[in-house]
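Visitor: when you get a sec, could you give me coordinates for this:
(2 chains)
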Amino acid sequence: MTTLDVSVSVSGDLDKPRGGARAPRVRHSVALARRSLIKTIRTPEALIDVTLQPVIFLLLFTYLFGGAISGGDRHAYLQFLLPGMLAQSLAMGGIALGQNLNADIEKGVFDRFRSLPVARSAPLVGAVAADIVRYLTVCVVMLGFGAVMGFRVRTGLVPALAAVALSVGFGLCFCWISVLVGMLARTSGAVQGVMFLLVFPLAFGSNVFVQTSTLPGWLQAFVHVNPITPLVSTIRGLLVGGPVAGHLTATLAWMAGLLVVFVPLALRAYARRA
Amino acid sequence: MSDLAVRAEGLRKRFGKTQALDGVDLAMRRGTVLGVLGPNGAGKTTAVRVLATLLRPDAGHAEVAGIDVLRQPQRVRRRIGLTGQYASVDEDLTGAQNLVLIGRLLDLTTRDAKRRAAELLDWFDLAEAAGRPAKTYSGGMRRRLDLAASLVGHPEVIFLDEPTTGLDPAKREDMWGVVRTQVTQGASVMLTTQYLEEADALADEIVVINKGRVIAHDSPDGLKRRVGGLTLRVRPADPARVPDVLRVLDAVAAPGTTASAETAAGARPGAVSAPVTGDTALDEAVPALRRAGVEVTELALHLPSLDEVFHVLTDGSRASADAAKEGELV
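Guide: Sure thing, here's the model as predicted:
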């Protein structure tokens, strides 16, 4: 610890963004997304909620409840269930993001970012972008393990890829709720509690497990306004066949709505926090 | 261009019922170290957070490197480095990854960011640990990494919020060396601390904060003069020898002062202390004690503790060396 070789000089106009053609906002978000990815790779156990957990749910609902629900034909029920389970896992997969962000803020890691000349939104946008990996993992695990259990894509490669793309896209929009809760809650445990409270009614009060027509009227009303429902219908259409266009429009509208509402709220809450 | 690295006027910030900053004025000259001394909860961290653009004050004005903190926070952020009270490194990232990330966020190219990271890791004796996740680091290593992170962008103004709290003495001296080097390279450093000793060792000027207010701004020598300078403390092995020790220390005490047995509430009785003017007092006291045949279990020179500093500064009517001693005796 004696001398410091100042070989990297910071010359020129300090206030002029340096370091490449891409907009600094994008570059900073990418750098921060990389940070989140490194953390994910270092702690693979943090991926349980998008790997083991959906598999257990799939096994549980196919073999334990599937026979009773479908009247004996588990294979047919798996075809019905899997697209729904995929949507449910995406919604639940976003919970960890809010928890992680909350923990980062508590530990003071974000103070460092906030003391750097970085766009205010970059830490949040970067963290959300890194979640792509988690949502892709959900898709691969569900489709892969589903195939082992007997699930078959009946449409084709392009619709199946479209289903994956839509799933990842929906996950990226839906997780902003978790980001907002992560900014508002006092502890990361509280984030999980609040998010379960929000996500469970949406994940179960939907067309994931049974046809909507079997439900009582008031519950049907809830299912129809639940953003998970059009997503499930779209993924079903794309994977096993059936109408897609209307459901897709509704899903995209929900995705846009989630972004319009929750991104500004989350950014504002982030600015106020700490 | 202003010759002040930090200028703050009338900073106020309230959290709920707590007035964390109650009209704080600060001035730090370029190329110097300003020590901000105060107990826990005095408002030191709040002041640093305002100046480092992390927190908006309720009222007041602040400039860092001549730039308005509230109006142009992004320009300020290009020129500052911040090391928080608790090491805010990312535990899952390696030391190198932590520093490269900061470099990238400061718009260095990946190559330059890597080079700068390697340079700092080397300088902070972390080169060997560069590839290990920071969670495997010891407390001292983490603190060094945290400090390295605040230096990636060659900041003009460095804020160090209690950088040595919790470090052992050897590591603390290392940290002091780092701070001194930064200053010789032209940086200005604002350092908060709870230890007068640390402020004395590093700072060109010291600001004392209490309950959100600046209660003193002086040079270290000036401050020490006001609070009574050094104290020589001797504890005889046999408490019955206290009168003998009193006699010896009376002879070496600073002019106009006398030695006294410590009876302060909470202090272990049986020690004698006397205000002294310099460390020559030690050279006189040791042979005198030996001649008197007094066996001692403790013999040390102390700077006034933060408590003593506060006692003097918050009781303006008795702001003298004598008062410092009396304060100690209450």
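Visitor: from now on I want contacts and neighbour counts done on CA atoms only, so please keep to that.
Guide: Noted.
Visitor: show me the shaky parts of the stretch 51-200 of chain B.
Guide: B:85-87 (pLDDT under 70).
Visitor: for it, what lies in contact range of chain A?
Guide: Contacts of the stretch 51-200 of chain B with chain A, taken as CA under 8 Å from any CA of the partner chain, map to B:52-55, B:74-75, B:77-78, B:80-82, B:84, B:86-90, B:92-93, B:101, B:104-109, B:112, B:115-116, B:119-120, B:123-125, B:153-154, B:174, B:178, B:181.
Visitor: hmm, which of these are the buried ones?
Guide: B:52-55, B:74-75, B:77-78, B:80-82, B:84, B:86-90, B:92-93, B:101, B:104-109, B:112, B:115-116, B:119-120, B:123-124, B:153-154, B:174, B:178, B:181 (16 or more other CA atoms under 10 Å in any protein chain shown).
Visitor: and for the closest residue to residue A:135 other than its chain neighbours, the neighbour number?
Guide: Leaving aside its sequence neighbours, residue A:135 sits nearest to residue A:168 (CA to CA, 6 or more residues apart in numbering or on different chains; 5.3 Å). Applying other CA atoms under 10 Å in any protein chain shown, we find 23 residues neighbouring residue A:168.
Visitor: cool, and residue B:60?
Guide: Applying other CA under 10 Å, we find 16 residues neighbouring residue B:60.
Visitor: so which bits of the helix or strand where residue A:144 lies are buried?
Guide: Using DSSP states H and E, the element containing residue A:144 is helix A:132-149. Of the residues in helix A:132-149, A:132, A:134-143, A:145-146 count as buried by neighbour count, 16+ other CA under 10 Å.
Visitor: quick check: chain neighbours aside, which residue is closest to residue A:25?
Guide: Per CA to CA, 6+ apart, closest to residue A:25 is residue A:119, 5.7 Å.
Visitor: which element is that neighbour on?
Guide: With DSSP H and E as criterion, residue A:119 is part of no helix or strand.
Visitor: likewise residue A:160?
Guide: helix A:157-184.
Visitor: what is the mean pLDDT for that helix?
Guide: For helix A:157-184, mean pLDDT rounds to 97.
Visitor: does the helix or strand that that helix is followed by pack against any helices or strands, and if so which?
Guide: Going down the chain from helix A:157-184, the next helix or strand is helix A:188-204, by DSSP H and E. Contact here means 3 or more CA pairs under 8 Å, 6 or more residues apart in numbering or on different chains; DSSP states H and E; on that basis helix A:188-204 packs against helix A:74-93, helix A:95-107, helix A:157-184.
Visitor: how many residues are close by residue 102?
Guide: All of this refers to chain A. Residues near residue A:102, counting by other CA under 10 Å: 25.
Visitor: the chain in question should be chain B.
Guide: Around residue B:102 there are 24 other residues, counting by other CA under 10 Å.
Visitor: equivalent analysis for residue A:56, please.
Guide: 11.
Visitor: how about residue A:165?
Guide: Residue A:165: 15 neighbours (other CA under 10 Å).
Visitor: what of residue B:311?
Guide: Neighbours of residue B:311 using other CA under 10 Å come to 19.
Visitor: domains in chain B, by residue range?
Guide: B:4-218, B:225-329 (automatic domain parsing).
Visitor: first-to-last residue distance for the first one?
Guide: The first residue of domain B:4-218 is 16 Å away from its last residue (CA to CA, to the nearest Å).
Visitor: check stretch A:181-194 too.
Guide: 8 Å.
Visitor: got the contact list for that stretch?
Guide: A:95-103, A:178, A:195, A:266, A:269-270, A:273 (CA atoms under 8 Å, 6 or more residues apart in numbering or on different chains).
Visitor: about what we covered before: the residue nearest to residue A:135 against residue A:132, yeah?
Guide: Yes: contact criterion CA atoms under 8 Å: residue A:168 and residue A:132 qualify, at 6.3 Å.
Visitor: shared neighbours of the two, anything?
Guide: With CA under 8 Å, 6+ apart as the test, residue A:168 and residue A:132 reach no residue in common.
Visitor: which residues in the stretch 151-300 of chain B form helices?
Guide: B:169-184, B:196-202, B:220-227, B:242-252, B:280-291 (DSSP state H, counting those that start in this stretch).
Visitor: can you tell which of those is closest to residue B:44?
Guide: Across those, residue B:44 has its closest neighbour in helix B:196-202 (13.5 Å, CA to CA).
Visitor: spatially nearest residue to the residue nearest the centre of chain A (excluding sequence neighbours)?
Guide: Centroid-nearest residue in chain A: residue A:171, 3.1 Å away (criterion: CA atoms, centre = their mean). Take residue A:171 and drop its neighbours on the chain: the residue closest to it by CA to CA, 6+ apart is residue A:90, 5.5 Å away.
Visitor: in chain A, where is pLDDT below threshold?
Guide: Ranges of chain A meeting pLDDT under 70: A:1-22, A:274.
Visitor: tilt between the helix holding residue A:160 and helix A:132-149?
Guide: Relative orientation of helix A:157-184 and helix A:132-149, computed by axes from the mean of the first three to the mean of the last three CA atoms, to 10 degrees: 130 degrees.
Visitor: residues touching residue A:40, list them.
Guide: A:46-47.
Visitor: so it belongs to a helix, correct?
Guide: Yes: assessed with DSSP: H, G, I helix; E, B strand; the rest coil, residue A:40 lies in a helix.
Visitor: how many neighbours does the residue lying closest to residue A:81 once chain neighbours are set aside have?
Guide: Distances taken as CA to CA, 6+ apart place residue A:209 nearest to residue A:81, at 6.0 Å, with adjacent residues excluded. If you count neighbours by other CA under 10 Å, residue A:209 ends up with 22.
Visitor: doesn't residue A:209 fall inside a strand?
Guide: No: Residue A:209 is assigned coil when assessed by three-state DSSP, not a strand.
Visitor: in strands only, show me the residues of the stretch 51-200 of chain B next to chain A.
Guide: Counting by DSSP state E, these place B:80-82 in strands.
Visitor: could you dump those residues to a markdown table with distance to residue B:256?
Guide: Listed next are these as a markdown table, based on distance: CA to CA, whole Å:
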| residue | distance to residue B:256 |
| --- | --- |
| B:80 | 47 |
| B:81 | 46 |
| B:82 | 45 |
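Visitor: and the helix holding residue A:160, what's buried?
Guide: Residues of helix A:157-184 classed as buried by neighbour count (16+ other CA under 10 Å): A:159-160, A:163-164, A:166-184.
Visitor: now do it against helix A:95-107, angle only.
Guide: Going by the same axes, to 10 degrees, helix A:157-184 makes 30 degrees with helix A:95-107.
Visitor: chain center to helix A:157-184: distance?
Guide: 4 Å (CA atoms, centre = their mean, to the nearest Å).
Visitor: can you check stretch A:123-135 too?
Guide: 9 Å.
Visitor: got it, and stretch B:255-263?
Guide: 28 Å.
Visitor: what residue lies at the spatial centre of chain B?
Guide: Geometric middle of chain B (CA atoms, centre = their mean) lands on residue B:193, at 2.9 Å.
Visitor: from residue B:200, how far out is that residue?
Guide: Distance of residue B:193 to residue B:200, computed by CA to CA: 11 Å.
Visitor: separation between residue B:12 and chain A?
Guide: 17 Å (CA to the nearest CA, to the nearest Å).
Visitor: so what's the residue count around residue 206?
Guide: Just going to use chain A. Residue A:206: 26 neighbours (other CA under 10 Å).
Visitor: chain B, not that one
Guide: Residue B:206 has 27 nearby residues by other CA under 10 Å.
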